[in-house]
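S.K.: Build the 3D model from these lines:
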Amino acid sequence: MPRVLVVDDEPRIVSFVSRALAAEGFQVDGAMDGARGLDLARTGGYELVVLDLLLPSLDGLSLLQELMEARPAQRVLVLSAVSDVETKVRCLEFGASDYLSKPFSLAELVARIRARLRQPASGPEKRSLQVRGVTLDLTRRVADVGGGPVSLSEREFLLLEHLMRREGDVCTRQRLLQDVWGYSFDPGSNVVDVCVGRLRAKLGADVIETVRNVGYRFDGS
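M.R.: Here you go, the predicted structure:
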């Protein structure tokens with residue numbers, strides 16, 4: 001049973017997220033100030049920490065910095081109403097695994113947590129992915145195919161990251177809907193195909209391969 005720590009100064013958020021994660025099979029603890037959150041995170045053996053930034057006693061950025069110095073392999077998902085690019089970049093540079101802005105979709109939060117827990121926690125994550133001539137900057141969230149940085153929307157970035165981390169594997173539409181969009185069911189839309197089309201327009205038509213009637217593959221061969 002994966003252990004998750006939720007650090008947020010809003011009791012409603014701590015309760016809401018904790019109950020939802022518990023229903024998904026997680027063991028959850030909560031903290032509503034930065035000092036308590038840091039103490040728990042340092043000693044609690046959590047697979048992942050969900051961290052707000054606007055906290056009493058110790059702000060989230062300071063907590064993140066101290067925690068990553070003490071436990072460099074700790075997975076941290078920042079969940080905050082602070083949504084400017086500079087803050088996101090600072091969190092990722094400090095070692096956060098992911099950043100989700102409030103207001104948020106609970107389904108997307110759960111999907112991102114599951115995605116992060118599938119990744120090994122053997123050390124700090126890479127700051128870029130390089131596959132088949134495509135470089136994805138995980139901090140700045142831009143792609144490069146040799147002609148300079150290409151801006152991506154949040155969903156385009158998440159989809160491209162998902163496919164690149166699974167280089168050579170066929171990713172079904174249903175799995176992409178679950179892991180990238182946070183849907184536990186197929187809403188009957190073509191959001192995956194539309195997003196793939198936008199990525200191809202920006203990065204090249206042959207970057208993502210269509211596997212007919214199944215899904216898509218990022219083939220590094």
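S.K.: make it CA atoms for all contacts and neighbour counts henceforth
M.R.: Fine.
S.K.: how near is the residue nearest to the spatial centre of the chain to residue 78?
M.R.: With distances taken as Cα atoms, centre = their mean, the chain has residue 98 as the residue nearest its mean C-alpha position (3.8 Å). For residue 98, the distance to residue 78 equals 6 Å [Cα to Cα, to the nearest Å].
S.K.: Then residue 31?
M.R.: Separation of residue 31 from residue 78 (Cα to Cα): 14 Å.
S.K.: got it, and residue 147?
M.R.: For residue 147, the distance to residue 78 - Cα to Cα - is 31 Å.
S.K.: These two: which is more packed in?
M.R.: Taking other Cα atoms under 10 Å, residue 147 and residue 78 do not tie; residue 78 has more neighbours (26 against 8).
S.K.: Is the more buried one located within a helix, as I assumed?
M.R.: No - counting by DSSP: H, G, I helix; E, B strand; the rest coil, residue 78 falls outside a helix, being strand.
S.K.: check contacts around it.
M.R.: Residue 78 sits next to 50, 51, 52, 53, 91, 96, 98, 99, 100 when contact means Cα atoms under 8 Å, 6 or more residues apart in numbering.
S.K.: Those residues in helices, which ones?
M.R.: The helices, defined by DSSP state H, take in residue 91 from the contacts of residue 78.
S.K.: how many neighbours does residue 24 have?
M.R.: 10.
S.K.: Same question for residue 215.
M.R.: Applying other Cα under 10 Å, we find 17 residues neighbouring residue 215.
S.K.: hang on, it packs against residue 177?
M.R.: No - counting by Cα atoms under 8 Å, residue 177 is not a contact partner of residue 215; they are 10.8 Å apart.
S.K.: returning to what we had before: report whether the expected contact of the residue nearest to the centre of the chain with residue 80 is present.
M.R.: No - taking contacts as Cα under 8 Å, residue 98 lies outside contact range of residue 80: 11.3 Å.
S.K.: Need the nearest residue in space to residue 151, chain neighbours excluded.
M.R.: Setting aside the residues directly before and after it, residue 151 is nearest to residue 142 in space (Cα to Cα, 6 or more residues apart in numbering), at 5.1 Å.
S.K.: Beta-bridge partners for that neighbour, please?
M.R.: On the basis of DSSP bridges, residue 142 is bridged to residue 137, residue 151.
S.K.: got a list of what it touches?
M.R.: 136, 149, 150, 151, 152, 157.
S.K.: what's the distance between it and residue 130?
M.R.: Note on residue 142: its distance to residue 130, by Cα to Cα, is 12 Å.
S.K.: Now for those two: what residues contact both?
M.R.: Shared contacts of residue 142 and residue 130 (Cα under 8 Å, 6+ apart): residue 136.
S.K.: the domain parsing of the chain - what is it?
M.R.: Residue ranges for each domain of the chain read 3-117, 128-217, as given by automatic domain parsing.
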